[in-house]
Every structure is written in C-alpha cells, then in structure tokens.
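Trainee: Turn this into a model:
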Amino acid sequence: MSKRILEWLNKSRPVIKQAVTISLGTYLFTSRVLTTATVTGPSMAPTYNASSSTSLLLVDLVTPVTSLVPGDVVLVHDPEEADGFNVKRITALAGQFVEHDPQLSGPYLEEHLYEGKYSVPTGCCWLEGDNRANSTDSRKFGPVPLGLIRGRILCKLIGS
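Mentor: Next up is the predicted model:
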C-alpha cells in the first residue's frame, strides 16, 4: 500500500506544487498589497453604511503613510482595543490644526485645546468619522500614530 501512496504522490506533485504556490501567492497579496475590510456601525455614514449595517471595502496596503492626505479614509488599528480596527477619515496631519466645535467636541479635544485649536503632533494624524455626532474618534482618544494605519480605503465593494 505504501508503494501506491508514493506513486500517487509522485503523480500529484505538480498539482500540489501549484496549489501551494497559489495559496502562498494569495496570502502574500492579501497581506501585503490589497485586502478587504468590513465596516459596521454608523460612524462613517453616509459614506459607508447609509442604508445597511455593513459595507465591504477594498484596502490598499502599499501606499506609504507619508503619502496620505487629509480627506483620505483609512483602516487603522483601534487605539483603544488591541485586536480591533476602525475605518475613519483623516482630517488633519502633523502640524495642522483641528478647530473646536462645541457641539461635536470630545473629552480629549476639550482637555488639549489652546486658543480654541489643537495642533496635531509630529508622527500622528487626527481621525474622525463622517457621522461626527455618532463616532468614537480622535475627539475622544486623541491623535493616532501613523504607525497604526494599516492602509488606505480604495473603494466600497458591497453595501451602501
């Protein structure tokens, strides 16, 4: 019986090699080039999840964080939850100012204002959800280190 197994393995070697190559290539592509992310909750409405509870997004993992600009939507490691991710919009980068809006302010912003403004520190960005009235973002937890950004959102694949 072991001779039959060896013969089968010999005949199957090209197929096994191709399957391993495709699997490894897919893993490397989705962990280093493009991946997907699911957005749940209302914090990015109306851009995402306007009429459904979830949106599937395509994420660019190649663009360096130094190329990001205010207005870009990013996938970021949640600064408050070790295993979590958030999708938020960059509203300011290092050296730029965040204006205080008393109706949509948060505890972090309230504590760190100087003359009604906050200056984003070097190596960080300021993130906010598009639905500012219903978003946990930099107004609560402060500036986010650029190293926590996983990638830039390219487009919505599924959802509203």
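Trainee: Mean confidence (pLDDT) on the helix ranked longest in the chain, please.
Mentor: Across the chain, the longest stretch assigned as helix under DSSP state H is helix 2-32. The average pLDDT within helix 2-32 is 82.
Trainee: residues of it that come out buried?
Mentor: If you call a residue buried by 16 or more other Cβ atoms under 10 Å, then helix 2-32 has no buried ones at all. (Each C-beta comes from the backbone N, C-alpha and C, glycine too.)
Trainee: Contacts only, for the residue nearest to the spatial centre of the chain.
Mentor: Note on the chain: the residue nearest the mean C-alpha position is Leu75, at 0.7 Å, using Cα atoms, centre = their mean. Residues counted as contacts of Leu75 (Cβ atoms under 8 Å, 6 or more residues apart in numbering) are 37, 57, 59, 85-87, 149-153.
Trainee: all helices of the protein, in order?
Mentor: Ranges of helices in the chain, per DSSP H, are 2-32, 107-111, 138-141.
Trainee: that older thread, show me what the residue nearest to the centre of the chain is bridged to.
Mentor: Applying DSSP bridges to Leu75 gives these bridge partners: Val87, Gly151.
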